[in-house]
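Visitor: I need the structure of the sequence given here:
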Amino acid sequence: MTAKPEKLQYIKKADGTGLRIQEFYRIQTGVYEPSVSVSVYIAKKLAPKYEQALQHNYSIQSLMVEGHPAEFNDTIKANETISFTVLRNPFADELLPEPISLDVIYEDDHIIVLNKPSGMVVHPGHDHHSGTLVNALLHHFQDREGVIDKSMIPGIVHRLDKDTSGLTVVAKHKESVRDLYHQFARKAIERYYTALVVGNVKEDEGTIDQPITAHEGSTKMKIATSSEGKQAMTHFRVIVRLGMATLLNCRLETGRTHQIRLHMASQGFPVFNDLLYGGSISDLNQGGGFSDRLKAKLNHVCPRQALHADSLGLVHPKGWQPLFFEKAMPEEMQKVVEICQNLKLNDNNH
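Guide: Now for the predicted structure:
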């Protein structure tokens, strides 16, 4: 039998952005526990507060298991100590529906699958108070009179980086949230990405099996390690070699933050125009075929990291039928591929 969540500390303070409330919790798992993800386990133990978190009134941060950083889709074990912080979102009461266009791929009463554009942040935060996917979804959930259905919550269980485009699934109510979290925990969700990386990848296909951990001294960066950190596995396959770059299809076995970007950079092939992990156009050397003129052209054509979530497979949380969605890479990535193909063709003709 497990103990109730123990509240360790409560901090209430005001800063330049408004009221912030932090609550620190610790949970001790029991001898016999079901095989569920950390997120599902916390949801059951901390309800209804966790349901509020799903509605973006709260966010759960600093998740630790046995004193080590953890991911929400990790599976719990017996006799473990789970600790985390519940942070009051200072913008929760200011979340407003905004008439932002959404590229809806599929929608029913339980889920909505979207093609997120590059440059859109998923959740509001200190640096992004509006213009987020959540703001757009709140507007989408309004009825004709502008009233938001309170049973509808934008439960985003599959997050994409701001500058990554592509398919993401959003649960419309808490039952769908929990089911999709279960699918992620069981690795039943299929996620494929198209990645344009710098350099000539020689292997036709391969697997990168490197744990990922936080980078000391940075709140944004992660690092790939040989022993420490959380398990992370990425499978890749070459679509086409472009001389100075390679177009890859990547399949995620796990879903760590920045996983594809970090794994490819660790092999010497950073994602094109990835400013965080070495793929910045300005850093590309001329010996690799990147003249200043070419770099300026490429940056104009594709001023974002060239990573796109092109395929998503899941089981419907209500009907249980398998669903699979595809969305081709956006025009700016296609243009970069065409430029590289033309340069390779010209080099072969000389």
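
Visitor: And the helices in this protein?
Guide: Using DSSP state H, the helices of the chain run over 38-46, 49-54, 133-140, 174-185, 259-266, 292-301, 331-349.

Visitor: For the ones you listed, please prepare CSV with the additional fields distance to Phe72 and mean neighbour count.
Guide: In short, each C-beta sits where N, CA and C put it, glycine included. Shown next, in CSV, are these (distance: least, Cβ to Cβ, whole Å; neighbours: other Cβ atoms under 10 Å):
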stretch, distance to Phe72, mean neighbour count
helix 38-46, 4, 21
helix 49-54, 11, 19
helix 133-140, 18, 22
helix 174-185, 7, 21
helix 259-266, 14, 24
helix 292-301, 35, 14
helix 331-349, 29, 15
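
Visitor: between the ones you listed, which one is nearest to Thr194?
Guide: helix 331-349 (7.2 Å; Cβ to Cβ).

Visitor: quick one: the closest one to chain centroid distance?
Guide: The chain centre lies 29 Å from the centre of helix 331-349; the measure is Cα atoms, centre = their mean, to the nearest Å.

Visitor: Now that helix - C-alpha only, CSV.
Guide: Extracted in CSV, the C-alpha atoms of helix 331-349 (Å, rounded to 0.1, in the frame of the first residue of the first chain):
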residue,chain,number,x,y,z
GLU,A,331,8.2,23.8,-48.4
GLU,A,332,11.3,25.5,-46.8
MET,A,333,12.9,22.1,-46.1
GLN,A,334,12.1,20.9,-49.6
LYS,A,335,13.8,24.0,-51.0
VAL,A,336,17.0,23.3,-49.1
VAL,A,337,17.0,19.7,-50.4
GLU,A,338,16.6,21.0,-53.9
ILE,A,339,19.4,23.5,-53.5
CYS,A,340,21.7,20.8,-52.2
GLN,A,341,20.7,18.4,-55.0
ASN,A,342,21.5,21.0,-57.7
LEU,A,343,24.9,21.7,-56.1
LYS,A,344,25.7,18.0,-56.0
LEU,A,345,24.6,17.6,-59.6
ASN,A,346,26.8,20.5,-60.7
ASP,A,347,29.8,19.1,-58.8
ASN,A,348,29.4,15.7,-60.5
ASN,A,349,29.4,17.4,-63.9
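
Visitor: can you tell me the average pLDDT over that helix?
Guide: What helix 331-349 shows for mean pLDDT is 82.

Visitor: what does it contact?
Guide: 118, 194, 196, 240, 242-245, 247, 272, 289, 294, 297-298, 301-304, 306, 308 (Cβ atoms under 8 Å, 6 or more residues apart in numbering).

Visitor: Of the residues you listed, keep whichever come out buried.
Guide: For these, a neighbour count by 16 or more other Cβ atoms under 10 Å gives the buried set as 118, 194, 196, 242-245, 247, 272, 294, 298, 301-302, 304, 306, 308.

Visitor: for the stretch 151-300 of the chain, which spans come out with low pLDDT?
Guide: The stretch 151-300 of the chain contains residues with pLDDT under 70 at 151-154, 216-221, 226, 283-289.

Visitor: give me that answer again for 80
Guide: 151-156, 174, 214-229, 281-290 (pLDDT under 80).

Visitor: Could you do the stretch 1-150 of the chain as well?
Guide: In the stretch 1-150 of the chain, residues with pLDDT under 80: 1-24, 31-37, 39-40, 42-62, 71-73, 85-95, 123-129, 142-150.
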